[in-house]
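Peer 1: here is a sequence with its predicted model. Questions after.
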Amino acid sequence: MSAPIIAIVGPTAVGKSAVADEVALALGTDVLSVDAMQVYRGMDIGTAKTPPAERRVPLRLVDLVGPEEPYSAALFQRDARMLIDEHVACDQACVLCGGTGLYLRAALDDMRFPAGECASPARERYERYEREHGVHALHELLAERDPESAAVIHEHNVPRVIRALEMCDEGVSYAAQKAAFSEPTPCYDARYFGLMMDRARLYQRIDERVDAMMEEGLLDEVRHLVSTGAGPALTARQAIGYKELIEYLDGALSLAEAVELIKRRSRRYAKRQLSWFRRDPRIEWISMDEQGVDGAAHLILEGVDA
């Protein structure tokens with residue numbers, strides 16, 4: 001049997017990294033991070049990036065770009081598939097681990113993105129059109145070119161209307177891609193394992209992790225990033241942990257308020273992650289309450305050997 005491709009997913013703080021390390025160690029391979037924030041250099045503590053000295057196996061797809069540089073699911077698809085294909089060519093097991101559902105789908109499923117994911121002349125043209133003619137006219141333009149996509153996008157959702165128009169330019173339908181989310185077409189023969197635990201325990205672990213991040217120097221990490229000019233990018237990205245502490249540094253929040261807000265938003269994010277992954281019937285769920293790290297890793301290894 002060819003070497004397996006394994007995806008280990010779940011909400012933040014559930015223990016994905018520890019389980020993935022155990023699985024990768026047993027299979028003699030590395031771990032590919034599937035985390036939209038871990039791709040940025042310098043964002044280490046706040047993204048729960050495993051420190052290099054503590055990594056039991058190599059961690060890939062982290063520290064790809066600076067925090068002020070644009071990055072997207074389309075770019076992640078390119079970078080992830082390059083590594084996955086290298087593993088497949090060498091018949092080496094591939095372990096993906098993370099909680100960014102869109103990035104996982106981009107890596108493993110048939111998802112097609114417009115070439116101009118970031119700022120582009122086309123995007124600037126559509127933004128100028130909206131400023132000159134208004135949101136209704138912009139939506140009407142989409143309705144003329146792609147009525148199915150216009151039907152599923154509200155005209156006041158200007159960024160999404162513009163994205164759909166960009167996709168039209170690339171010969172891709174936003175509506176067709178949206179429909180593909182409900183019934184994914186795999187690009188690889190992968191096995192999916194989701195980690196879960198009691199909600200109250202998960203929320204407690206999230207709160208404890210935030211406290212630990214603060215003790216490890218998250219505030220100093222944010223101060224350094226702001227001093228290098230990355231503050232506006234972090235705020236625009238709504239990076240949990242960074243945005244709130246930037247608000248503290250700006251005087252908009254007290255430190256206690258910022259920390260509590262990080263905890264609250266992290267808990268909400270975990271809830272959204274669970275909702276996303278539970279829609280995917282390919283995922284085999286493992287209770288961390290019952291199995292722990294070693295038990296979960298053992299079940300995954302047993303599953304891919306079966």
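Peer 2: Sure thing, it's come through.
Peer 1: what about Glu208, neighbour count?
Peer 2: If you count neighbours by other Cβ atoms under 10 Å, Glu208 ends up with 12. C-beta here means a position set from N, CA and C on the backbone, and glycine is covered the same way.
Peer 1: neighbouring contacts of stretch 294-306?
Peer 2: Outside stretch 294-306, the residues within contact range by Cβ atoms under 8 Å, 6 or more residues apart in numbering are 4, 6, 8, 15, 19, 22-23, 26-27, 191, 193, 195, 284, 286, 288, 291.
Peer 1: determine which two of those are furthest apart.
Peer 2: Pro4 and Met288 (21.2 Å; Cβ to Cβ).
Peer 1: for the contacts of stretch 294-306, which one is nearest Lys271?
Peer 2: Leu195 (15.1 Å).
Peer 1: just the strands in the protein please.
Peer 2: Here the chain has its strands, by DSSP state E, at 5-9, 31-33, 59-60, 94-98, 190-196, 283-287.
Peer 1: switch these over to a markdown table; also include distance to Glu221, mean pLDDT and mean neighbour count.
Peer 2: Output for these, formatted as a markdown table (distance: least, Cβ to Cβ, whole Å; pLDDT from 0 to 100; neighbours: other Cβ atoms under 10 Å):
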| stretch | distance to Glu221 | mean pLDDT | mean neighbour count |
| --- | --- | --- | --- |
| strand 5-9 | 26 | 98 | 25 |
| strand 31-33 | 18 | 98 | 27 |
| strand 59-60 | 18 | 98 | 21 |
| strand 94-98 | 20 | 98 | 26 |
| strand 190-196 | 26 | 98 | 21 |
| strand 283-287 | 32 | 98 | 16 |
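Peer 1: in TSV: the ones you listed, plus distance to Glu183.
Peer 2: Below are those laid out as TSV (distance: least, Cβ to Cβ, whole Å):
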stretch	distance to Glu183
strand 5-9	18
strand 31-33	25
strand 59-60	29
strand 94-98	21
strand 190-196	15
strand 283-287	15
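Peer 1: out of those, nearest to Ile262?
Peer 2: strand 94-98 (19.5 Å).
Peer 1: report the distance from the closest one to the chain centre.
Peer 2: 12 Å (Cα atoms, centre = their mean, to the nearest Å).
Peer 1: just stretch 225-237 next, same as before
Peer 2: For stretch 225-237, the distance to the chain centre is 19 Å (Cα atoms, centre = their mean).
Peer 1: C-alpha coordinates for that stretch, CSV please?
Peer 2: Extracted as CSV, the C-alpha positions of stretch 225-237 are listed here (Å, rounded to 0.1, in the frame of the first residue of the first chain):
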residue,chain,number,x,y,z
LEU,A,225,5.8,43.4,15.2
VAL,A,226,4.2,46.8,15.6
SER,A,227,7.7,48.4,15.7
THR,A,228,8.5,46.8,12.4
GLY,A,229,5.4,48.3,10.8
ALA,A,230,3.3,45.1,10.7
GLY,A,231,0.6,46.5,13.0
PRO,A,232,-1.9,47.6,10.2
ALA,A,233,-1.6,44.2,8.5
LEU,A,234,-2.3,42.3,11.7
THR,A,235,-5.3,44.5,12.5
ALA,A,236,-6.7,44.1,9.0
ARG,A,237,-6.3,40.4,9.2
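Peer 1: got the phi and psi for the spatially most central residue of the chain?
Peer 2: The chain has Thr100 as the residue nearest its centroid, 2.6 Å off, counting by Cα atoms, centre = their mean. The phi/psi pair for Thr100 (degrees, to the nearest 10) reads phi -90, psi 100.
Peer 1: and the nearest residue to it once chain neighbours are set aside, how many neighbours?
Peer 2: For Thr100, ignoring the flanking residues on the chain, the nearest one in space by Cβ to Cβ, 6 or more residues apart in numbering is Ala36 at 4.3 Å. By other Cβ under 10 Å, the residues close to Ala36 number 20.
Peer 1: for Ala36, what are its contacts?
Peer 2: Contacts of Ala36 (Cβ under 8 Å, 6+ apart): Tyr71, Ala73, Phe76, Thr100, Leu102, Tyr103.
Peer 1: same question, Leu253
Peer 2: Glu244, Glu247, Leu261.
Peer 1: and the second one, how many residues sit next to it?
Peer 2: I take that to be Glu247. Glu247, neighbours per other Cβ under 10 Å, totals 16.
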